[in-house]
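>>> I would like the atomic coordinates for the input below:
(2 chains, ligands or ions: 2)
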Amino acid sequence: MSNKDWPLWEVFIRSKQGLDHKHAGSLHAADAQMAIENARDVYTRRMEGISIWVVESKYIHASNPAEGSSFYDPANDKAYRHPTFYDLPDELRNM
Amino acid sequence: MAEQQEKIFQDKVDHEIRIEPKDWMPDQYRKTLIRQMSQHAHSEIVGMLPEGNWITRAPSLRRKATLIAKVQDEAGHGLYLYSAAETLGISRAEMIDQLHSGKTKYSSIFNYPTLTWADIGAIGWLVDGAAIMNQVPLCRASYGPYARAMIRICKEESFHQRQGFEILLTLSKGSEEQKRMCQDAIDRWWWPAVMMFGPNDESSPHTKQSVAWKIKRFTNDELRQKFIDVCAEQVHILGMKIPDPDLKWNEQTKHYDFGAINWDEFWNVVNGNGPCNKERLAARIKAHEEGAWVREAAIAYAEKKKRKEKVIA
Ligand SMILES: [Fe+2]
Ligand SMILES: [Fe+2]
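Residues are numbered from 1 along each chain as shown, chains lettered A, B, ... in the order given. Ligands and ions are numbered 1, 2, ... in the order given. Model (predicted):
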């Protein structure tokens, strides 16, 4: 029993007000409260964060990298979704 | 099929595209990384012991606060690396078991004792210094989670080396006895630090593959030379000597020449016969075993809380 790991948690940290939470790493903890406290000690010893999210790793679902090219394929040939696609005269201002 | 996957894999590595946990990778790449990363993590954790020895006896509150912060950082480094290694499919408990059974090693440097306060200075300057030389290129390692952990670690390391050098600098300006202490610590830590880079390139058969996989960017001897070149200059600021009569600037190579390394001592310590091998491992095992009830109690508490929440809901 003592050799069983505590559950694994993924840690997301907001470094500054106004920014997104970003994945920082993972850690083991018995529950969410402990995960947040451990995340503070492990990932924010130098004020790297002002807000922490934790989620148990088993609840994360990921896309499959092997299907990467076909999965993202639909966006491949749609250059018209980007502003640079459109031919407009240089005189046109403020656009 | 596997051949083609291997080709795609190597292509990515060659183009500096990072490999992520769910990407296909050769078995041997995975094994090499697990070994290297878990060894690295163990080194951070065991590395707390020699320095922890001086926390209660630090000469001032400033030194004590600094040393605590440094040792706490090393714990953090161990945790970053353990969790990065776990993405390769090995569990934390397995890695800890392998440390305790002696199946995986940690850096031999931590099998030397810290006899005086000056040793804390010498460790910061030389041991963290050598670690930084090793670690900076690892920030570009081909395995994403490893590289990201190393970036975090390297950011924190530079204070470790600077606080060590400051301790030595203070001693070097002190009384005769303090100066002697400073030189004595350098004398004892120099060669073990030089050996931290591992065996010579010709006796390090895995280097070539690790370089091809971009787990390693430089060979052991290249990093060792860099380290010696830097320290040979820095030691002047301390007014101390590096304990190597053959250390000499070579105008032709533009590097320092240095004396023969005692590889018998190196292998002796790696094989378990250094001054503190038994003590270090015993301390880790004791901490793990005596902490077992805490780990169990925390799980029991979390489960009880969960049951209560269910009842309320
Ligand atoms: Fe470290
Ligand atoms: Fe360090």
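>>> How far off centre is the helix or strand of chain A with the lowest mean pLDDT?
In chain A, the helix or strand scored least confidently by mean pLDDT, DSSP states H and E is helix A:68-71, which has a mean of 80. Here helix A:68-71 is found 20 Å from its chain centre; the criterion is C-alpha atoms, centre = their mean, to the nearest Å.
>>> what about the strands in chain A?
Per DSSP state E, chain A carries strands over the ranges A:8-14, A:21-28, A:51-56.
>>> and stretch B:152-167, is it in reach of ligand 2?
Yes - with C-beta under 5 Å from the ion as the criterion, ligand 2 is reached by stretch B:152-167 at B:157, B:160. To be clear about C-beta, it is placed using only N, CA and C from the backbone, and glycine gets the same treatment.
>>> who touches that stretch?
Contacts with stretch B:152-167, where a contact means C-beta atoms under 8 Å, 6 or more residues apart in numbering or on different chains, come from A:25, A:45-46, B:63, B:66-67, B:69-70, B:73, B:76-77, B:80-81, B:117-118, B:120-126, B:128-129, B:131-132, B:135-136, B:139, B:234, B:238.
>>> so of these, which ones are in strands?
Among those, the ones falling in strands (DSSP E) are residue A:25.
>>> Return a ChimeraX selection command for the buried portion of the contacts of stretch B:152-167.
Filtering the contacts of stretch B:152-167 down to the buried ones (16 or more other C-beta atoms under 10 Å in any protein chain shown) takes a single ChimeraX command:
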select /A:25 /B:63,66,67,70,73,76,77,80,81,117,118,120,121,122,123,124,125,126,128,129,131,132,135,136,139,234,238
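>>> what ranges do the helices span in the stretch 1-150 of chain B?
All helices of the stretch 1-150 of chain B, identified by DSSP state H, counting those that start in this stretch, fall at B:2-14, B:27-46, B:48-52, B:61-86, B:92-101, B:118-122, B:128-135, B:144-172.
>>> nearest to ligand 1, of these?
Of all these, it is helix B:61-86 that lies closest to ligand 1, at 3.8 Å by C-beta to the ion.
>>> Show the contacting residues for residue B:50.
B:110, B:112, B:113, B:114, B:119, B:123, B:276 are the contacts of residue B:50 under C-beta under 8 Å, 6+ apart.
>>> and with 6 Å instead?
Residue B:50 makes contact with B:110, B:114 under the criterion C-beta atoms under 6 Å, 6 or more residues apart in numbering or on different chains.
>>> Look up how far residue B:165 lies from it.
Separation of residue B:50 from residue B:165 (C-beta to C-beta, to the nearest Å) stands at 18 Å.
>>> Not counting sequence-adjacent ones, nearest residue to the residue in chain A that ligand 1 sits nearest to?
Nearest residue of chain A to ligand 1: residue A:45, at 12.6 Å (C-beta to the ion). Of all residues not flanking residue A:45 in the chain, residue B:76 sits nearest, at 6.5 Å (C-beta to C-beta, 6 or more residues apart in numbering or on different chains).
>>> okay, now residue B:5: neighbour count?
The number of residues packed near residue B:5 is 14, by other C-beta atoms under 10 Å in any protein chain shown.
>>> wait, doesn't residue B:37 sit right on residue B:83?
No - here residue B:37 does not reach residue B:83: they are 10.0 Å apart, not a contact under C-beta atoms under 6 Å.
>>> So between those two, which is more surrounded?
It is residue B:37, of residue B:37 and residue B:83, that has more neighbours when counted by other C-beta under 10 Å, with 28 against 23.
>>> Any idea how many residues pack against residue B:197?
Residue B:197, neighbours per other C-beta under 10 Å, totals 23.
>>> ugh, wrong one, residue B:149
Neighbour tally, residue B:149, other C-beta under 10 Å: 27.
>>> pLDDT at it, what is it?
Note on residue B:149: pLDDT of 96.
>>> who touches it in this structure?
Residues near residue B:149 by C-beta under 6 Å, 6+ apart: B:80, B:81, B:84.
>>> swap in residue B:299?
Going by C-beta under 6 Å, 6+ apart, residue B:299 touches residue A:30.
>>> and the angle for the helix or strand harbouring it with strand A:21-28?
According to DSSP states H and E, residue B:299 maps onto helix B:292-312. Interaxial angle of helix B:292-312 relative to strand A:21-28 (axes from the mean of the first three to the mean of the last three C-alpha atoms, to 10 degrees): 120 degrees.
>>> Now look at stretch B:175-193 and say if it contacts ligand 2.
No - judged by C-beta under 5 Å from the ion, stretch B:175-193 stays clear of ligand 2, getting no closer than 12.9 Å.
>>> quick one on the thing from earlier: against ligand 2, which of the contacts of stretch B:152-167 make the cut? List them.
With the criterion set as C-beta under 5 Å from the ion, the members of those near ligand 2 are residue B:128.
>>> that older thread, now render the contacts of residue B:149 as CSV, adding distance to residue B:200 and pLDDT.
Shown next, in CSV, are the contacts of residue B:149 (distance: C-beta to C-beta, whole Å; pLDDT from 0 to 100):
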residue, distance to residue B:200, pLDDT
B:80, 30, 96
B:81, 26, 97
B:84, 29, 97
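>>> Backbone dihedrals for residue B:248, both of them.
The phi and psi values for residue B:248, taken as degrees, to the nearest 10, are phi -150, psi 140.
>>> How about it, nearest residue that isn't a chain neighbour?
Residue B:248 sits nearest to residue B:257 (C-beta to C-beta, 6+ apart), 5.1 Å away.
>>> Neighbours of the one you found, how many?
14.
>>> Distance-wise, check it relative to residue B:244.
Between residue B:257 and residue B:244 the computed distance is 10 Å (C-beta to C-beta).
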